[in-house]
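Undergrad: the amino acid sequence is not available; the structure is as follows:
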Ligand code: PRX
């Protein structure tokens, strides 16, 4: 209570002084933000958020979140050392904010619509039911020895139980790490080992596009090398039996049913860990990105409301998987904190046919549709009738995420799907940023939206473009390395058990700034456009991958002394990996069998989507005198831009370029190569 009055007081002190809502400005209807802040135009809110972050975020946190104990200080952040703390001293529980507060007001409101693989079989879960499910699951975890601070891996497709598993961890203060259910057993094992997980929650099988995938078998293989795992909780997604290794394995629904549907929430500090999410960087080992409680939740709730113009009664449709940050922030935490109805999409864009998304929109009355450009590029190849035969009049906002959206996909989404009447927001952000950082503001009436451009920083985000010399670039019509100059509540706090890596990766290239790894352009009007990664991270169908991860997998083959992987453009997937492979002398004549083994290696070590689409066997790689592989040259060769190779004088032996160009030309002549495109 103390905090509520503190927040209101803060608002009263600053609002009349600095900002009066202009006449005629539309009121932003928000279920959870009842103060005067809600009536301010987003532009003025933005100004306030960057000129006085303590006031802005302090008021927002006090108003929007339910606290057990008030926070004493809004922030304590020093970007140069990666020290980031928000709402210090505050105590709360995230699951209470996502569930209990809504159950008190509207227990029967639908929290989740589980759009199962088979169309027309959706399942609705009310806030009351989700709270009960979460409590039962939380009590199950507790009765199996899982407590505050313990790590729990969740290896499940999107489903109400997966959401309940995340919230159950949040309820008891355990730290979840959701692993995308397409990752291989080795990739899963690596994450479990790094996080030292005490338990895994999984399903017997997953169902996607009519296909069954044995998730439990993958977990069994993974946990063989994970001694920290004491229990594997197995939910029964299909009727098919699965081998259970009891007492380690626990049938989840059976274990939950005798448990109480009440679980007192653990009181957590604002900066206690909420979850780890592993993501790729420019070195081989994935990074366990750490997000904490209050700042993350507040940031996802505000972005969810403002970027998508979310209003009470909306049916929010983000079709991302919960294995990625988009699923965490805009399927689960942001929408549930706002008391929204959120869709869990289990299927694929083309199952049973390319009308699936739009048939779902019609059947569920979806108001916001948020998806990845890669799916749009796939769908626009089909006849427009697949879209037009379904009623999309419920749609109000469209969103795109995860990779650059090309103009063709943007216009198709906007004009064909949205009939030209729905604002389409290209949202830029990252696993590390927790929530959307740059996106148009459709809630700001009259603000322009430029096609295929993320455009405008969200509240509290101050983008800076850096020159090659490491100086901020001023003015418009300029490009540079995209940095952010001030901390915001949703940003990652560290890399699990490796703070130095966190500092090195994000705060040392431009001391005092968060470096995103992306390049960007700023237009004359001050709008931002993302130009792509500046490091060795690629984006395959919206899935982030480090080329070094793929190289590490390939290099394990005994006949392969060296490889270099780069990303090359692909008309649907955005990018695909292209592997340059050096084989041992004796293997060079008959490489096909080895290439098959290499494909299998990547698939078992990482995931199927990481398997390079192209393999080119070369005698050697282009290297500088100090032994560094010049990937820039490989990119030029693979994108057929050899007229513009740039400076090759630093190469140890420039004749290697000719060799590689020749090998590439031979490769291009192969018939299977042409077919793949
Ligand atoms: O390169 C940017 C690209 O995806 C990277 C972040 O990937 P991940 O952490 O997996 O998060 C994806 C979902 C938020 C970024 O560094 N990216 C993300 N959104 C966009 C984008 N590139 C261009 N335009 C975007 N809207």
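TA: It's in. Please read all numbers here as calculations on a predicted model, not as lab measurements.
Undergrad: and residue 630, what does it touch?
TA: Residue 630 makes contacts with 622-624, 648, 650-651, as judged by CB atoms under 8 Å, 6 or more residues apart in numbering. No exception for glycine: its C-beta is placed from N, CA and C like everyone else's.
Undergrad: pick out the most distant pair among those residues.
TA: 623 and 648 (11.3 Å; CB to CB).
Undergrad: these two: which has the busier surroundings?
TA: More neighbours surround residue 623 than the other of residue 623 and residue 648, with 18 against 14 (other CB atoms under 10 Å).
Undergrad: quick check: the more buried one touching residue 652?
TA: Yes: using CB atoms under 8 Å, residue 623 is in contact with residue 652, at 5.2 Å.
Undergrad: doesn't residue 424 make contact with residue 414?
TA: Yes: counting by CB under 8 Å, residue 414 touches residue 424, with 4.6 Å between them.
Undergrad: how many neighbours does residue 315 have?
TA: Every residue meeting other CB under 10 Å relative to residue 315 is counted, giving 18.
Undergrad: and if you look at residue 526?
TA: Number of residues near residue 526 (other CB under 10 Å) recorded here: 12.
Undergrad: dihedrals phi and psi, the nearest residue to it once chain neighbours are set aside?
TA: Spatially, and ignoring its direct neighbours in sequence, residue 526 is nearest to residue 476 (6.1 Å; CB to CB, 6 or more residues apart in numbering). Residue 476 has phi and psi values of phi -110, psi 170 when expressed as degrees, to the nearest 10.
Undergrad: list the contacts of residue 333.
TA: Contacts for residue 333 (CB under 8 Å, 6+ apart) come out as 94, 98, 296-297, 300-301.
Undergrad: what pLDDT does it get?
TA: Reading off the confidence values, residue 333 has pLDDT 98.
Undergrad: please report the distance of the residue nearest to residue 412 when sequence neighbours are not counted from the ligand.
TA: Distances taken as CB to CB, 6+ apart place residue 380 nearest to residue 412, at 4.3 Å, with adjacent residues excluded. Separation of residue 380 from the ligand (CB to the nearest ligand atom, to the nearest Å): 18 Å.
Undergrad: wait, doesn't residue 380 sit right on residue 408?
TA: Yes: between residue 380 and residue 408 there is a contact at 6.8 Å, judged by CB under 8 Å.
Undergrad: with neighbour numbers in mind, choose between the two.
TA: residue 380 (19 against 14).
Undergrad: report the contact partners of that one.
TA: When contacts are counted by CB under 8 Å, 6+ apart, residue 380 touches 408-409, 412, 416.
Undergrad: what pLDDT does it get?
TA: 94.
Undergrad: same deal with residue 1?
TA: With respect to pLDDT, residue 1 has a value of 28.
Undergrad: repeat for residue 48
TA: Confidence score, pLDDT, at residue 48: 89.
Undergrad: that one: how many residues sit nearby?
TA: Residue 48: 21 neighbours (other CB under 10 Å).
Undergrad: for the helix or strand where it lies, name the packing helices and strands.
TA: Using DSSP states H and E, residue 48 sits within helix 42-51. Using 3 or more CB pairs under 8 Å, 6 or more residues apart in numbering; DSSP states H and E as the contact test, the elements touching helix 42-51 are helix 53-64.
Undergrad: go again using 10 Å as the cut-off
TA: Other elements packing on helix 42-51 under the criterion 3 or more CB pairs under 10 Å, 6 or more residues apart in numbering; DSSP states H and E are helix 2-18, helix 53-64, helix 294-307.
Undergrad: what residue lies at the spatial centre of the chain?
TA: By CA atoms, centre = their mean, the chain has its centre lying nearest to residue 325, at 2.6 Å.
Undergrad: thought that residue was touching residue 334?
TA: No: taking contacts as CB atoms under 10 Å, residue 325 lies outside contact range of residue 334: 11.2 Å.
Undergrad: what do those two both touch?
TA: Common contact partners of residue 325 and residue 334 (CB atoms under 10 Å, 6 or more residues apart in numbering): 300, 434-435.
Undergrad: closest to residue 583 out of those?
TA: So of these, ranked by how close each gets to residue 583 (CB to CB), first place is residue 434, at 43.1 Å.
Undergrad: quick one, phi psi at that closest one?
TA: Here residue 434 shows phi and psi, under degrees, to the nearest 10, equal to phi 80, psi -40.
Undergrad: return the residues of this structure in contact with the ligand.
TA: Contact residues (CB under 6 Å from any ligand atom) of the chain with the ligand: 279, 325-326, 401-404, 426-431, 454, 516-518, 530, 533, 539, 544.
Undergrad: buried subset of those residues, written for ChimeraX?
TA: Buried subset of the residues of the chain next to the ligand, written as a ChimeraX selection, criterion 16 or more other CB atoms under 10 Å:
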select :279,325,326,401,402,403,404,426,427,428,429,430,431,454,516,517,518,530,533,539,544
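Undergrad: among the residues of the chain next to the ligand, which are in helices?
TA: 325-326 (DSSP state H).
Undergrad: can you flag which of the residues of the chain next to the ligand belong to strands?
TA: Counting by DSSP state E, the residues of the chain next to the ligand place 279, 401, 426-427, 516-518, 530, 533, 539, 544 in strands.
Undergrad: show me the contacts for whichever residue of the stretch 101-250 of the chain sits closest to the ligand.
TA: Closest to the ligand within the stretch 101-250 of the chain is residue 180: 10.4 Å, counting by CB to the nearest ligand atom. Residue 180 is in contact with 155, 157, 187-188, 191, 277-278, 321-324, 327, 543, 607, 609, counting by CB under 10 Å, 6+ apart.
Undergrad: nearest to residue 349, of the residues you listed?
TA: Nearest to residue 349 among these is residue 321, at 12.5 Å by CB to CB.
Undergrad: tell me the pLDDT at the closest one?
TA: Taking residue 321 on its own, its pLDDT is 96.
Undergrad: can you tell me the closest non-neighbouring residue to it?
TA: residue 327 (5.2 Å).
Undergrad: can you check residue 278 too?
TA: Using CB to CB, 6+ apart, the closest residue to residue 278 is residue 286 (4.2 Å).
Undergrad: my guess is the one you found contacts residue 190. True?
TA: Yes: using CB under 10 Å, residue 286 is in contact with residue 190, at 7.1 Å.
Undergrad: spit out the residues that contact those two alike.
TA: In contact with both residue 286 and residue 190: 183, 278, 606, using CB under 10 Å, 6+ apart.
Undergrad: pLDDT wise, what is the last one at?
TA: Think residue 606. 95.
Undergrad: pull the number of nearby residues for it.
TA: 24.
Undergrad: can you tell me the SS state at the residue lying farthest from the centre of the chain?
TA: Relative to the mean C-alpha coordinate of the chain, counting by CA atoms, centre = their mean, the farthest residue is residue 586 (43.5 Å). Secondary structure state of residue 586, per DSSP: H, G, I helix; E, B strand; the rest coil, is helix.
Undergrad: could you measure from it over to residue 594?
TA: Using CB to CB, to the nearest Å, one obtains 11 Å as the distance from residue 586 to residue 594.
Undergrad: what ranges do the strands span in the stretch 351-500 of the chain?
TA: 368-371, 397-401, 424-427, 463-466, 478-484, 494-495 (DSSP state E, counting those that start in this stretch).
Undergrad: ok and the residue in the stretch 301-450 of the chain nearest the ligand?
TA: residue 431 (3.4 Å).
Undergrad: ok, now how distant is that residue from residue 517?
TA: Using CB to CB, residue 431 is found at 11 Å from residue 517.
Undergrad: check residue 95 too.
TA: When residue 95 is compared with residue 517 (using CB to CB), they lie 32 Å apart.
Undergrad: what residues are up against the residue in the stretch 551-677 of the chain positioned nearest to the ligand?
TA: Nearest to the ligand, among the residues of the stretch 551-677 of the chain, is residue 574, at 9.0 Å (CB to the nearest ligand atom). By CB under 10 Å, 6+ apart, the contact list for residue 574 reads 372-374, 377, 402-406, 409, 532, 538-543, 567.
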